[in-house]
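Enquirer: turn this into a structure:
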Amino acid sequence: MDPMQDMLGRVQRYLDKRDWIDVPVMAGRRFRVTPLAQGEYNLNYRLTDAHHPLQLVLRVNIGTQIDRDDQILYEYRALELLRKSGCTPRPYFVDNSRGQLAHGCLIMEYLPGGPLDYRKDLEAAAQLLAAIHQIDVAPAQNHLIRENRPLTLIYEECRSLLAHYFQSDLADSAIREYLREVIQWADQMRCREAFFVKDPWPCIVNTEVNSKNFIVNRDRATVHLVDWEMPRWGDPSQDLCHFCSPLTTLWKTDYRMPPAEKKRFIRLYSRNIQDRHLRDTLIDRVHLRDPFVYLRGISWSAMGWVAYQTEFSGMKNPDTWETLQGYLQLDFIRSLFDPFMKKSI
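Expert: I've put the predicted structure just below:
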């Protein structure tokens, strides 16, 4: 059965059994539940009421990318931190009891619109990320995973992810050999994280800034970032590199960002940053982070490529499978890493 349809009845019963008196935006309302969007690790439903204009989203996690039992609570608390930015959906309710809904759920604001268009929305995206990165949050007052050693954190994650590919009988021998060279290079280069350790600029970073996670409403001239499954407390270069990465732009589109457009995006972002020191060091931060962000993207893709053909525990998406096959081509992988590896020889 379709997972969205299978969960639909349980979500409707969950809503019907509760009086919602403690949640003002939901109290006294009779909700109609319709499927909205399905990800590899979550199911999302739109909640509407014929007698009330405010629409909501109920999000059910069916897995975790950060190995936490409190995945849904982690995301809800991140949205609470982000509430004052005006750039993210407002959260209204979270249930981590995992009684009726095995992985818990959160309820948040529904934001109408469509995905980001890289050819039209670079300036809006730059402004949004700058606003999010400048939210004033005290380090001691947030629950987010810390990127204290950012390049080592990515390296260790990638080494674990790539093990699935290296150990698989499905792996292409030439790709396996090249990726071994890449991970060895990354092991040597992660010492460059001393830059981030000595000169930290911590903020809330999303880590998954692909076009589908932006909601652009051209009628209202608004843009929001809506998927906050795995945010971290880290350097803004994390999001900037991820946003411009070919592995991100090609994920749901046919767009690979030209170098000139990447430079323009970084300039647009910089213009919206108040801190002069961050503006002055931004290019260095992005340059040091880029290959490690690419490594994480290709490592996850290699793991996913194997998992989709064996024992993937999330939701299998035909478009995702097609994209993974495109990424797992030696020429594409070399186009990501050769410029960095040859330069450091």
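
Enquirer: just the strands in the chain please.
Expert: Ranges of strands in the chain, per DSSP state E, are 32-38, 42-49, 52-61, 91-95, 105-109, 145-146, 203-205, 214-217, 222-225, 232-234.

Enquirer: adjacent strands (with direction) for the first one?
Expert: It stands for strand 32-38. Paired strands of strand 32-38, with direction, are strand 42-49 (antiparallel) (DSSP bridges).

Enquirer: okay, now the nearest residue to residue 12 once chain neighbours are set aside: neighbour count?
Expert: Spatially, and ignoring its direct neighbours in sequence, residue 12 is nearest to residue 33 (4.9 Å; Cβ to Cβ, 6 or more residues apart in numbering). Heads up, the C-betas are built off the backbone N, CA and C, glycines and all. Using other Cβ atoms under 10 Å, residue 33 is surrounded by 20 other residues.

Enquirer: partner residues bridging residue 33?
Expert: residue 47.

Enquirer: verify the contact between it and residue 43 for me.
Expert: No. Using Cβ atoms under 8 Å, residue 33 is not in contact with residue 43; the gap is 11.1 Å.

Enquirer: list the buried residues for the lengthiest helix in the chain?
Expert: Determined from DSSP state H, the single longest helix within the chain is helix 276-307. By neighbour count on 16 or more other Cβ atoms under 10 Å, the buried set for helix 276-307 is 278, 282, 285-286, 288-307.

Enquirer: roughly how far apart are residue 335 and residue 250?
Expert: Per Cβ to Cβ, to the nearest Å, residue 335 is found 11 Å from residue 250.

Enquirer: contacting residues for the residue nearest to residue 243 when sequence neighbours are not counted?
Expert: Distances taken as Cβ to Cβ, 6+ apart place residue 209 nearest to residue 243, at 4.5 Å, with adjacent residues excluded. Shown in contact with residue 209 (Cβ atoms under 8 Å, 6 or more residues apart in numbering): 125, 129, 225, 239, 242-243, 248.

Enquirer: for the residue nearest to residue 325 when sequence neighbours are not counted, give me its contacts.
Expert: With sequence-adjacent residues excluded and distances taken as Cβ to Cβ, 6+ apart, residue 325 is closest to residue 305, at 7.2 Å. Residue 305 makes contact with 165, 170, 324-325, 327-328, according to Cβ under 8 Å, 6+ apart.

Enquirer: which one of the strands of the chain lies closest to residue 185?
Expert: Closest of the strands of the chain to residue 185 is strand 232-234, at 22.1 Å (criterion: Cβ to Cβ).

Enquirer: which one's more surrounded, residue 335 and residue 250?
Expert: Set residue 335 next to residue 250 and count neighbours by other Cβ under 10 Å: residue 250 wins out with 18 against 13.

Enquirer: contacting residues for the more buried one?
Expert: Applying Cβ under 8 Å, 6+ apart, we find residue 250 in contact with 256, 323, 326-327.

Enquirer: give me that answer again for 6 Å
Expert: For residue 250, the contacting residues are residue 256, by Cβ atoms under 6 Å, 6 or more residues apart in numbering.

Enquirer: now the residue most central in space within the chain: how far from residue 231?
Expert: With distances taken as Cα atoms, centre = their mean, the residue of the chain nearest its centroid is residue 208 (1.9 Å). Here residue 208 is placed at a distance of 9 Å from residue 231 (Cβ to Cβ).

Enquirer: also residue 161?
Expert: For residue 161, the distance to residue 231 - Cβ to Cβ - is 19 Å.

Enquirer: compare those two (neighbour count), which wins?
Expert: Shown here are residue 161 and residue 231; by other Cβ under 10 Å, residue 231 has more neighbours (27 against 20).

Enquirer: can you report phi and psi for the residue nearest to residue 26 when sequence neighbours are not counted?
Expert: The spatially closest residue to residue 26, leaving aside those adjacent along the chain, is residue 20, at 4.0 Å (Cβ to Cβ, 6+ apart). The phi/psi pair for residue 20 (degrees, to the nearest 10) reads phi 60, psi 20.

Enquirer: quick one: the helices in the stretch 151-300 of the chain?
Expert: For the stretch 151-300 of the chain, the helices defined by DSSP state H, counting those that start in this stretch occupy 173-189, 194-198, 237-244, 246-252, 259-271, 276-307.

Enquirer: what's the mean pLDDT across the longest one?
Expert: Just to be clear, that refers to helix 276-307. Helix 276-307 carries an average pLDDT of 97.

Enquirer: also the first one?
Expert: Mean per-residue pLDDT for helix 173-189: 98.

Enquirer: what residues of it count as buried?
Expert: Within helix 173-189, the residues that count as buried by 16+ other Cβ under 10 Å are 175, 178-179, 182-183, 185-186, 189.

Enquirer: got the contact list for residue 268?
Expert: Listed by Cβ under 6 Å, 6+ apart, the contact set of residue 268 reads 123, 126.

Enquirer: ok, it to residue 127 distance?
Expert: Distance from residue 268 to residue 127, counting by Cβ to Cβ: 7 Å.

Enquirer: didn't residue 103 look like it was pressed against residue 63?
Expert: No. With contacts counted by Cβ atoms under 6 Å, residue 103 stays clear of residue 63, the gap being 7.6 Å.

Enquirer: and which of the contacts of residue 209 is nearest residue 15?
Expert: Nearest to residue 15 among these, counting by Cβ to Cβ, is residue 225 at 26.2 Å.

Enquirer: one step back: of all the helices of the stretch 151-300 of the chain, which lies closest to residue 78?
Expert: Proximity to residue 78 (Cβ to Cβ) singles out helix 237-244 among the helices of the stretch 151-300 of the chain, at 13.6 Å.
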